[in-house]
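Enquirer: Can you look at this prediction? I've put the sequence above it.
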Amino acid sequence: MKVVVTGAAGFLGSFLSEELLSKEHEVIGIDNFFRGKKEYLPKHINFKFHEIDLVKQPKDFCKIIEEEEPQLLFHYAAINGTKYFYDIPYQVINNNIVMTQNVLNACKNSKVKKIIYASSSETYGEPLEIPTPETHPILLNINTNRDSYASSKAICDFYVKLFAKENNIDFLILRIFNTYGPHMDTSEYGQVIPEFINKMFNDEKFTIIGNGEHTRSFCYVSDHTRLVRKLAETVSNQVVNIGNDKETRIIDLAEMMHKMENKEFNPEFLLEREYDHKRRCPDISKLKKLINDYPKVTLEEGLKRTIKCYSKNIQSC
Ligand SMILES: NC(=O)c1ccc[n+]([C@@H]2O[C@H](COP(=O)([O-])OP(=O)(O)OC[C@H]3O[C@@H](n4cnc5c(N)ncnc54)[C@H](O)[C@@H]3O)[C@@H](O)[C@H]2O)c1
């Protein structure tokens, strides 16, 4: 099948493209390299790439959909990375919404049969229920710029669902919880695991934002891509949590990483980010029921693979 992956040079988009290519799909990747990297793009005969800014070049994207006639569209492009939510909140909310509108408009009167949208667990805010099911309400807080991202994702959940219904296209909204692996941004704009790896190998002081008591649940990228492919192939018109349901304290994650690398663990605690969510863990019973599969890579194994990759500075392992 011919498919489009937006955000194909990014962390999840690059691995998702590889997974789809491994199952004989033809993949057309789109990215503007805001955070994605050329070296992460798959080198495969069935992979084509177009450098397009989905906010500024909607016509170019429409042309690709018209000419290539893909049947599935995975919309993974977005401004992601927690520090961006605080530093450039207007760009985050505006670009994420506008690019989604442009992607959807291009699907009008096209051959696209299903739109798979990368939404986020951030839409659940500080959850009232742990593990958090898909029925949990969207919680947004106007008092924090952090929610520029969560609100863009929440609004786009509605856009995708309503556009799909209006245009007789199937949809799948993925509420993605923390996912990790190679290809993640190691800068201050990256996520916690690559940030820790970077600090462990380069910094004199190992710092943790907050007191380390916050929890997250970490899903290894190969689990994510397999589960998404299976969902896309068989499930329609659902909102589905996708992540690992093993909850880990940030301090335990940091200690585990130090032990694995035989490094002394003397963290320094920094001021917590305002309105940072204290706990996050998905209820994945719906995911299991829909595809009879779930994340299988343990945190220890996934960290080993990730650290090995970053410590060798391999760009596309
Ligand atoms: N990684 C996670 O744990 C996680 C969790 C929840 C949701 N998500 C969502 O999954 C998707 C992929 O996340 P990721 O972690 O791979 O992030 P990422 O930043 O690595 O990938 C996003 C890609 O979108 C591209 N992009 C940004 N603006 C664009 C534009 N205007 N036009 C074209 N391309 C543009 C970026 O260059 C980047 O390559 C995002 O939508 C993100 O919100 C990710």
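Expert: Nice, I can see it.
Enquirer: where along the protein do the helices fall?
Expert: Assigned by DSSP state H, the helices in the chain fall at 11-22, 58-68, 82-87, 89-107, 147-166, 192-202, 221-234, 250-260, 285-291, 299-311.
Enquirer: contacting residues for the closest residue to residue 224 other than its chain neighbours?
Expert: Among residues not flanking residue 224 along the chain, residue 179 sits closest, at 4.8 Å (Cβ to Cβ, 6 or more residues apart in numbering). (C-beta placed from N, C-alpha, C; glycine too.) Residue 179 sits next to 11-12, 218-221, 224, 243 when contact means Cβ atoms under 8 Å, 6 or more residues apart in numbering.
Enquirer: so residue 179 bridges to which residues?
Expert: Residue 179 has these beta-bridge partners by DSSP bridges: residue 219.
Enquirer: Of all the helices and strands in the chain, which has the lowest average confidence?
Expert: Within the chain, judged by mean pLDDT, DSSP states H and E, the helix or strand with the poorest mean is helix 192-202; its value is a mean of 89.
Enquirer: about what we covered before: can you tell me how far the residue nearest to residue 224 is from residue 243?
Expert: 7 Å (Cβ to Cβ, to the nearest Å).
Enquirer: Quickly list what's touching both of the two.
Expert: Residues touching both residue 179 and residue 243 (Cβ under 8 Å, 6+ apart): 219, 224.
Enquirer: for the least confident helix or strand of the chain, which positions count as buried?
Expert: Buried residues in helix 192-202, defined by neighbour count with 16 or more other Cβ atoms under 10 Å: 192-200.
Enquirer: Rebuild those residues as CSV, extending it with distance to the ligand.
Expert: As requested, the buried residues of helix 192-202 are exported to CSV (distance: Cβ to the nearest ligand atom, whole Å):
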residue, distance to the ligand
192, 10
193, 10
194, 10
195, 13
196, 15
197, 15
198, 16
199, 19
200, 20
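Enquirer: thinking again about what came up before, please work out which of the helices of the chain is packed deepest.
Expert: helix 11-22 (a mean of 24; mean count of other Cβ atoms under 10 Å).
Enquirer: That helix and the ligand, any residue contact?
Expert: Yes: residues of helix 11-22 are located near the ligand by Cβ under 6 Å from any ligand atom, namely 11-13.
Enquirer: ditto for stretch 114-123
Expert: Yes: residues of stretch 114-123 are located near the ligand by Cβ under 6 Å from any ligand atom, namely 118, 120.
Enquirer: gap between that stretch and the chain center?
Expert: For stretch 114-123, the distance from its own C-alpha centre to the chain's C-alpha centre is 8 Å (Cα atoms, centre = their mean, to the nearest Å).
Enquirer: Mean confidence (pLDDT) on that stretch, please.
Expert: Averaging pLDDT along stretch 114-123 gives 98.
Enquirer: Alpha carbons of that stretch, as PDB, please.
Expert: C-alpha atoms of stretch 114-123 as PDB (Å, rounded to 0.1, in the frame of the first residue of the first chain):
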ATOM      1  CA  LYS A 114      -7.500   6.500   6.700                       C
ATOM      2  CA  ILE A 115      -5.800   9.300   8.700                       C
ATOM      3  CA  ILE A 116      -3.700   8.200  11.600                       C
ATOM      4  CA  TYR A 117      -3.000  11.100  13.900                       C
ATOM      5  CA  ALA A 118      -0.100  11.300  16.500                       C
ATOM      6  CA  SER A 119      -1.900  12.900  19.500                       C
ATOM      7  CA  SER A 120      -0.500  12.900  23.000                       C
ATOM      8  CA  SER A 121      -1.000  11.800  26.600                       C
ATOM      9  CA  GLU A 122      -0.400  15.500  27.400                       C
ATOM     10  CA  THR A 123      -4.100  16.000  26.500                       C
END
